[in-house]
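*Asks:* Sequence first, predicted coordinates after that:
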Amino acid sequence: MADKQTILNELENAVKGLQQEAVLEAARKAVANGVSPVEAIEDGLAKGIREVGEKFARKEMFVVELIYAATIMEEAIKVLEPELEKSKEKRHAVGTVVLGTVAGDIHDIGKNLVRIMLEAGGFEVHDVGKNVATETFVEKSREVGASIVGASSLMTTTVSVQKEVVDALRRAGIVAPMMIGGAAVSEEWAKEIGAHYSSDAGSAVELAKHLLDKGA
Amino acid sequence: MTNPMKIGSLGMRPFQVMDPKDAHAIHTNSLHLLESMGIKVVSDEGRRLLKEAGAEVDEKTKVCKIPGYLVEESMRKCPHTIRMGARNPKYDFVLDQRHCYACTDGVGVATIDLETGARRGSTLKDVADSAKIVDYLPMLHMYNPLVTPLEVPKHAHTVHEFMASLENCEKHFTTGSTYQREEAIYEIKMAEAVAGGPKELRRRPIISSLSCTTSPMVLGMTTDAAIEFSRAGCPPLLMAMPLVGATAPMTVAGATLLGNAQVIALATVLQLAAPGSPLCYSTEPMAMDVQSGLFEGLYPAADMVRAAHVQMAKHYGIPIFVGGWGTCSKVPDVQAGYEKAFSAFLCYLSGADMTSGPGMLENWTVLSFEQLIIDHEMFTMMADILKGFPVDNDSMPLDVIMKVGHEGHYMGEKHTLDHFRQMWQPMVTDGQTYATWKAAGSKNAVDHARDRAKEILKTHVPGPLAEDLKKDLREIVAEGEKNIPH
């Protein structure tokens, strides 16, 4: 039997080292040795991605490395998933975020970056995708009990849809703060529609944490 | 970035500003001028060498009529590749007509103070500081003092500049203002002390010299200094500075012709003095503002002369060092940016081995530390384009394209991870969002460059000279100060 801590270290280091084979191998080892899947994620993989995220924010690592780290982490989680379903354990999250690109807009690279950074920051993120109907934002937020809702828009023609999302959430009685971002969005626009603006993925995490602290 | 000491092209073809038959016409007309009207050679030794080789020399007018065959024979003796040594051998590089490099230019007399922003007379500290920054910047390959120190004895300024460079920069040194034979002798002495003797210096020349010809049709006293450098195996860079419309005809072809005739005449003298010795073609034309009569380094006519001279150097198969990157702007601004970018990029696209001029404003007379950083940034961008790109199975990843499919992105692909480090990255260029930019103080490239220059000067430590070597060099400088004619 391999030592649990060794396996957790391997998971963490493989994500940090951007080693796809190594991270999958470590995940299989975790399953074979009966390591709790929640522990494998939170004390292994997530620790690795958090460090990559911090290095990215400090400009010590590159966006491509961050995304690749997130990609191989997701692949490792797929290996752990059957165990996760069997076990009764739940992952601990600092907050639950529903995230998507608004209806009419298919640009999702920025939104995906925000997702990765939020996940690295310990959030549980429900990514509803791109070109997402306003009702979907509302339904998903209600279903998961979102603590924050995020809506992205790159195009000037679709920023108005962000207002529709805020309005629809409020009509449905959902009071979770709304975060917006994307190339066509500004601080002023956010204020006008009663939302909060962040200009990039790094500051989105800080804003999300700040909003939760304020809410608590 | 690949090895910054070797910037090459992957299959890119040089731009030719002239049809090859026009380049040939410039050459034959240059021979015609040298043979029929001749060139005035002020240097006694220059005239003696030409006379012994068969030129018709008039000692009264000092005009030497040089037979075409002698010029052509001399041009054939010029080496096609030149090794440029450096104080630290890791900075050695080879001018091989296939790679491109960048150098500072001189010799200015004023500096825009990094702290106060005021334009003031230049000092020895400016020479030391700019040398230190060049030592730090990865894509600047050699150092030519951007300014001359106004506080040292004028007759010996070159040895002081060389000393300040050696103490602060481990890269190849070129002197832009050595006009007398004695200056050259002391600079060569210093270079020999650093290189470890005359033989070592010949093998890895750590110094070269810009040797100006005078337009129209004169080889001045600088010829004597150039002869000393040639004999020591240190490449002179034979520079023509035709002023289009004033010291050269008003046409691009006329100025190209005049400058070319001067350069190949000086090359002939130097190959007679030291057969087979290394030398570079060089040019730094300017153009007249026809309204005012003032001169500007970067008007399109002057840039076309630059490109034409690059083509002439290729015609002779010798490396070329182009004085470019000029601007008449008084501050690092938009005009400085576009004039410099046009000028330098045209030279490199034409196949120039080396250009000089980063960091200078007001037609190469004023040093701006901010501009030095910005011009380096521009060169890194040009170099990234000039190196070209491979076209092969790895760079055309059919499998990755099919895997990603019709939507999605490539940002998480291993192929992207494997290749992203080849991507150009900025040092001072702003690529932030508006909000982030505003929050960080709304800084533009000049502000970033100023911060960066200050940081380099505060933190960068160039490899030191050995104490005993430093002592020897100081003695040579003192001796030079005593013996170089006032």
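*Replies:* Perfect, I can see it now. Numbers count the residues shown, from 1 in each chain, chains lettered A, B, ... in the order given.
*Asks:* what sits opposite the spatially most central residue of chain B in the beta ladder?
*Replies:* For chain B, the residue sitting closest to the mean C-alpha position, by Cα atoms, centre = their mean, is residue B:356 at 3.3 Å. Legend: beta-bridge partners of residue B:356 under DSSP bridges are residue B:103, residue B:323.
*Asks:* Give me the distance between it and chain A.
*Replies:* Per Cβ to the nearest Cβ, to the nearest Å, residue B:356 is found 32 Å from chain A. From N, CA and C alone the C-beta is placed, and that goes for glycine too.
*Asks:* give me the residue from the stretch 251-400 of chain B nearest chain A.
*Replies:* At 13.2 Å from chain A, residue B:400 is the closest residue in the stretch 251-400 of chain B, using Cβ to the nearest Cβ.
*Asks:* helix or strand for that residue, which one?
*Replies:* Assigned by DSSP states H and E, residue B:400 belongs to helix B:398-404.
*Asks:* Average pLDDT for that helix, rounded please.
*Replies:* Averaged across helix B:398-404, pLDDT comes to 96.
*Asks:* Same check on stretch B:238-247?
*Replies:* 94.
*Asks:* how long is that stretch end to end?
*Replies:* One end of stretch B:238-247 to the other measures 17 Å (Cα to Cα, to the nearest Å).
*Asks:* Show me the contact partners of that stretch.
*Replies:* Contact partners of stretch B:238-247, identified using Cβ atoms under 8 Å, 6 or more residues apart in numbering or on different chains, comprise B:210-213, B:215-216, B:226, B:248, B:250-252, B:255-256, B:258-260, B:262-263, B:266-267, B:270, B:279-288, B:290, B:295, B:299, B:301-302, B:305, B:309, B:321, B:323.
*Asks:* Which helix runs longest in the chain?
*Replies:* Assuming you mean chain A. If you go by DSSP state H, chain A has its longest helix at helix A:63-86.
*Asks:* that's the wrong chain, I wanted chain B
*Replies:* For chain B, the helix with the greatest residue count under DSSP H is helix B:252-273.
*Asks:* Got a ChimeraX select line for the buried ones in the contacts of stretch B:238-247?
*Replies:* Selection of buried members from the contacts of stretch B:238-247 for ChimeraX, criterion 16 or more other Cβ atoms under 10 Å in any protein chain shown:
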select /B:210,211,212,213,215,216,226,248,252,255,256,258,259,260,262,263,266,267,270,279,280,281,282,283,284,285,286,287,288,295,299,301,302,305,309,321,323
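*Asks:* By mean pLDDT, which helix or strand of chain B comes out lowest?
*Replies:* In chain B, no helix or strand scores lower on mean pLDDT, DSSP states H and E than strand B:295-296, which sits at a mean of 79.
*Asks:* Report the strands that pair with that strand, each with its relative direction.
*Replies:* strand B:286-288 (antiparallel).
*Asks:* Any part of the longest helix of chain A near chain B?
*Replies:* Yes. Using Cβ under 8 Å from any Cβ of the partner chain, a contact is recorded between helix A:63-86 and chain B, made by A:63-65, A:67-68, A:70-71.
*Asks:* will you turn those residues into TSV that also has distance to residue B:368?
*Replies:* Shown next, in TSV, are the residues of helix A:63-86 next to chain B (distance: Cβ to Cβ, whole Å):
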residue	distance to residue B:368
A:63	33
A:64	35
A:65	36
A:67	39
A:68	41
A:70	43
A:71	45
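*Asks:* which one of the residues you listed is nearest residue A:139?
*Replies:* Set against residue A:139, the nearest of these by Cβ to Cβ is residue A:70 (25.8 Å).
*Asks:* now for stretch B:15-25, what's the gap between its first and last residues?
*Replies:* End-to-end distance of stretch B:15-25 (Cα to Cα): 19 Å.
*Asks:* Flag every buried residue along it.
*Replies:* Neighbour-count burial for stretch B:15-25, with 16+ other Cβ under 10 Å as criterion, is recorded at B:16-18, B:23.
*Asks:* With respect to chain A, which of these is nearest?
*Replies:* Closest to chain A, out of all of the buried residues of stretch B:15-25 and judged by Cβ to the nearest Cβ, is residue B:16, at 38.6 Å.
*Asks:* Quick one: residues contacting the closest one.
*Replies:* Neighbours of residue B:16 in contact, by Cβ under 8 Å, 6+ apart: B:311, B:350.
*Asks:* so how far is residue A:24 from the closest residue to residue B:137 other than its chain neighbours?
*Replies:* In this structure, residue B:137 finds its nearest non-sequential neighbour in residue B:376, 4.7 Å apart by Cβ to Cβ, 6 or more residues apart in numbering or on different chains. For residue B:376, the distance to residue A:24 equals 43 Å [Cβ to Cβ, to the nearest Å].
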